[in-house]
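Colleague: Got a predicted structure here, sequence first:
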Amino acid sequence: MYFISLATLSTTTTTTTTTVFVATITATETTTVITTSTTPTTAFTTDITTSISVSTTLSTISTPSTATVTRTTTTTTIISKSNWLTNGDGETGPCESAGGSTPPTGWSYNGTITQVYYNNTYADQLSTNSGPNNRGNCYFYGGPSGSVTSMWQYVNMSNSINPVLIDNQTVYFNFSAWLGGYGSQTDYAQVSLTFINQANQQGGSTTTLGPVTHTQRSDITSLLFQQATGLVPVGGRSLLVTVTITRFSGTANDGDVDNIALYLYQ
């Protein structure tokens, strides 16, 4: 027979919080402590220990956990390898075959700037003069009159290029044209490229080809190749290409241009 003297039982509650990713697991464990002057029986102690173990196990099993997975997708944009300018070679639309003024197709224009056939005796260039090998049938001529004539066109880059590529400074340009004039005439042509940002303001500096002077041509009727390359400025969303032909003497404006090309690449 066992005797247990008067005992004092006290209960202590311990709360443990565990965080897994975005889920919180809370387990409550109740521990019973017996204060007595006599050693408790083995059986009684075992019952208490088992009760605590079962209670803790059930609490842990019933607690859910959640995991979050993040995936990243990369998109690649291919930039067109074609000339970004419409009718940069003067081969689209009609060409002047006499002494009149035929405006260039695909360009806005001012004055008498003319899309004209090579070998037109009213204009400047012959197909046998020094110039591009792939000159085609026509070129751009200052015109039969006017001290300054011009043509220009806008191109929206955002329609074909992801703006992120431009703003990450990974898009470059290759800008070229053949420029020249007639004999010892001092008239000449220039071609400029300006990038425009989303606020419709100029971004970066303007790139200008030419002029090719009569001295550079050695007073020979001809066209000389001009080229510039560079980085499309951050914020660029469109561009403007302008051809300006200036007369300094005589009545006709004898500055000439052919094969204007703009390529964008990574």
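Modeller: On my side now, so go ahead.

Colleague: Which positions in the strand or helix carrying G255 come out as buried?
Modeller: Assigned by DSSP states H and E, G255 belongs to strand 253-265. By neighbour count on 16 or more other Cβ atoms under 10 Å, the buried set for strand 253-265 is 253-264. The C-beta positions use only the backbone N, C-alpha and C, and glycine is treated the same way.

Colleague: Equivalent analysis for stretch 205-220, please.
Modeller: For stretch 205-220, using 16+ other Cβ under 10 Å, the buried residues are 207-212, 214, 217.

Colleague: Then stretch 133-151?
Modeller: Buried residues in stretch 133-151, defined by neighbour count with 16+ other Cβ under 10 Å: 135, 138-144, 146, 149-151.

Colleague: Quick check: the farthest pair among those residues?
Modeller: Spanning the widest gap among the buried residues of stretch 133-151 are R135 and G146, at 24.1 Å by Cβ to Cβ.

Colleague: Count the residues that sit near the closest residue to T92 other than its chain neighbours.
Modeller: Nearest residue to T92 in three dimensions, chain neighbours excluded: T105, at 4.8 Å (Cβ to Cβ, 6 or more residues apart in numbering). By other Cβ atoms under 10 Å, the residues close to T105 number 15.

Colleague: In contact with T105, which residues are there?
Modeller: If a contact means Cβ atoms under 8 Å, 6 or more residues apart in numbering, then T105 has 87, 92-94, 115 as its contacts.

Colleague: same thing with S108?
Modeller: Contact analysis of S108 by Cβ under 8 Å, 6+ apart lists 151-153.

Colleague: follow-up on the earlier one: report the two of the buried residues of strand 253-265 separated the most.
Modeller: Between any two of the buried residues of strand 253-265 (Cβ to Cβ), the greatest distance is 32.2 Å, for D254 and L264.
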